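Participant: can you look at this prediction? I've put the sequence above it.
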Amino acid sequence: MNSIALKDLKPKSFFSKPLFLDEGFVLLAPETAVDEGLIKRLTQWEFRETRTAGQILSEAASEESDASEDAEKATPLAIPDGAGDKERIESILAFYKDFTAYMEALYTRFVTKTELDYKELIERMKGLCQVIGENKRFLLRAQSIAPQHSNYLVSHAVRSSVYSIVLGTTLKLPQFKLIELGTAAALHEIGMVRLPPQLYMAGRALSPQERKAITAHPVLGYNLLKERQVPLAVCLAALEHHERMNGSGYPRALTGEKISLYSKIIMVACSYDAVTAIRPYREAKDGYSGMVDILKNEGKQYDDLVIRALVYSLSIYPIGTQVLLTSGKKAVVVDVNPDNPRYPIVQILGARSPDGKDLIVRTSETSVRVLRPLSREELRAATA
């Protein structure tokens, strides 16, 4: 292997082969660029060199290589030409179910055979990033109606990946970082599989002793990923996703800028999913209530910039939420108003425009606006 001095690592540079910290610890995969955070951490840890069997590539050369690989390996979402919203959602729902099945297989292989095909996961995440980039509002609607997987770890991994990539897109992260962020979100709870299943699959609230046992999973996850030479940024996301900006988190009680960017994003995505997901021992909160919980940011747990990204990504009434309008009509939120997240774009239920299409309305302060989300009883009646 070639030795690369720390002073020679430049932000936005890539390597043709993995970059190692030592003989067994991979710092970066070929798909991942060097960033200032990595250089800063290596400096703080007093490392002076890294190793690789490859060569340094420019950002442009790596992007060209990635584009070539994408063309060969990424499977584009098949949506018929001229498809309406209903057909588009059905196609994306099929994609979402397939991605969930893949994540189930990934976790099953890891639990039963301790195998993790990181390269395959990267390819799958490229496909998810592409779908979100081109069909974000439809994917979020599909996710809101897709049945939740019986294995909470699988469901949480999928939903957290989607929310994290959506947030990263709003924060204008480059494509290679979105892929790595989504991968980190998919693996952030991997340490749970080293705990007794009755803890993370419990159909009841956990006892104080059981909750204490659960707090070991970030360190377990970090070690599992490190052993498999997963890039450091992904390992750190597994380690830090339960940290909090005010230092109240675990396992290291980190504060503010000591927490990595991926971890800041995943902790918000993870928390939002946790309160809006169905658990055996409690009902899920609707998207609006979950959003309000996060916006309260009690004790300043979350990064303000990431919370702002959550609101502008999903709106106050998140995409897929069924609502009652001031006009008395019922509607479903179908898109975000980029100018004001308080006034989303909605589809009036059971109504059509003069040309026979779904009736889409942009709510506003001066015209029709959202009064409140529909209650569980109203939702049950609508489903019936």
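Facilitator: Nice, thanks for sending it over. Residues are numbered from 1 along each chain as shown.

Participant: just the helices in the stretch 101-250 of the chain please.
Facilitator: For the stretch 101-250 of the chain, the helices defined by DSSP state H, counting those that start in this stretch occupy 118-145, 152-170, 175-187, 197-200, 208-214, 217-227, 232-240.

Participant: can you list the buried residues in the second one?
Facilitator: Using 16 or more other Cβ atoms under 10 Å as the test for burial, helix 152-170 gives 152-170. Backbone N, C-alpha and C define where each C-beta goes, glycine included.

Participant: same question for the fifth one.
Facilitator: Buried residues in helix 208-214, counting neighbours by 16+ other Cβ under 10 Å, are found at Glu210, Ile214.

Participant: when you give positions from now on, start the count at 30
Facilitator: Got it, first residue is 30 now, which makes that one helix 237-243.

Participant: shaky segments in the stretch 180-329 of the chain?
Facilitator: 226-233, 308-311 (pLDDT under 70).

Participant: same thing with the stretch 30-179 of the chain?
Facilitator: In the stretch 30-179 of the chain (pLDDT under 70), the answer is 51-61, 66, 74, 86-107, 109-110.

Participant: change it to 80
Facilitator: Scanning the stretch 30-179 of the chain for pLDDT under 80 picks out 30, 41-67, 69-71, 73-76, 83-113, 179.

Participant: residue boundaries of the strands in it?
Facilitator: For the stretch 30-179 of the chain, the strands defined by DSSP state E, counting those that start in this stretch cover 31-34, 43-44, 48-49, 55-57, 78-81, 85-86.

Participant: what's the spacing between stretch 186-194 and its chain's center?
Facilitator: 3 Å (Cα atoms, centre = their mean, to the nearest Å).

Participant: give me the contact list for that stretch.
Facilitator: Residues outside stretch 186-194 that contact it (Cβ atoms under 8 Å, 6 or more residues apart in numbering): 125, 128-129, 132, 136, 154, 157-158, 161, 168-169, 172, 178, 207, 210-218, 291, 294-295, 297-299, 301-302, 306, 339.

Participant: which among these end up buried?
Facilitator: Buried members of the contacts of stretch 186-194, scored by 16+ other Cβ under 10 Å, are 125, 128-129, 132, 136, 154, 157-158, 161, 168-169, 172, 178, 207, 210-218, 291, 294-295, 297-299, 301-302, 306, 339.

Participant: tell me which residues in stretch 369-384 are buried?
Facilitator: Neighbour counts over stretch 369-384 (16+ other Cβ under 10 Å) mark Pro370, Tyr372, Pro373, Ile374, Val375, Gln376, Ile377 as buried.

Participant: isn't the second one right up against Glu394?
Facilitator: Yes - with the criterion set as Cβ atoms under 8 Å, Tyr372 and Glu394 qualify as a contacting pair; they are 6.7 Å apart.
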